[in-house]
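# Prediction below, plus the sequence it came from.
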Amino acid sequence: MMVADHSWYACKEHIELVIDDYVDQYQRAPEIEPVENTAQTGARCRQCGGTPAYRFTRFDGE
């Protein structure tokens, strides 16, 4: 079983910038999924701190 060990978040406005930063850091494309409710987790866009629309995930062992 693969376990997510790192998540980044991006709003709609900054998704391309966050993808670029992610690829620069990990040298691979992230798994990207839309997020609907981040109020409980307190997740924020990595670029601006706004409400995220997407979650980027890296899996342990990859």
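Great, that's in hand. Residues are numbered from 1 along each chain as shown.

# what packs against the worst-scoring helix or strand of the chain on mean pLDDT?
Across the helices and strands of the chain, mean pLDDT, DSSP states H and E gives its lowest value to strand 4-10, namely a mean of 80. Applying 3 or more CB pairs under 8 Å, 6 or more residues apart in numbering; DSSP states H and E, we find strand 4-10 packed against helix 15-26, strand 54-59. Backbone N, C-alpha and C define where each C-beta goes, glycine included.

# Please identify the most buried of these.
Neighbour counts (mean count of other CB atoms under 10 Å) averaged over each of the helices and strands packed on strand 4-10 peak at strand 54-59, with a mean of 18.

# name the helices or strands packed onto that strand?
By 3+ CB pairs under 8 Å, 6+ apart, strand 54-59 packs against strand 4-10, helix 15-26, strand 31-34.

# any chance of the ones you listed in a markdown table, plus distance to residue 57?
Shown next, in a markdown table, are the helices and strands packed on strand 54-59 (distance: least, CB to CB, whole Å):
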| stretch | distance to residue 57 |
| --- | --- |
| strand 4-10 | 5 |
| helix 15-26 | 10 |
| strand 31-34 | 5 |
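
# residues making contact with the least confident helix or strand of the chain?
Applying CB atoms under 8 Å, 6 or more residues apart in numbering, the contact partners of strand 4-10 are 17-19, 21-22, 30, 35, 38, 43-47, 52-60.

# sorry, back to before: in TSV, list the helices and strands packed on strand 4-10 along with distance to residue 9 and mean pLDDT.
Listed next are the helices and strands packed on strand 4-10 as TSV, based on distance: least, CB to CB, whole Å; pLDDT from 0 to 100:
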stretch	distance to residue 9	mean pLDDT
helix 15-26	8	95
strand 54-59	6	86
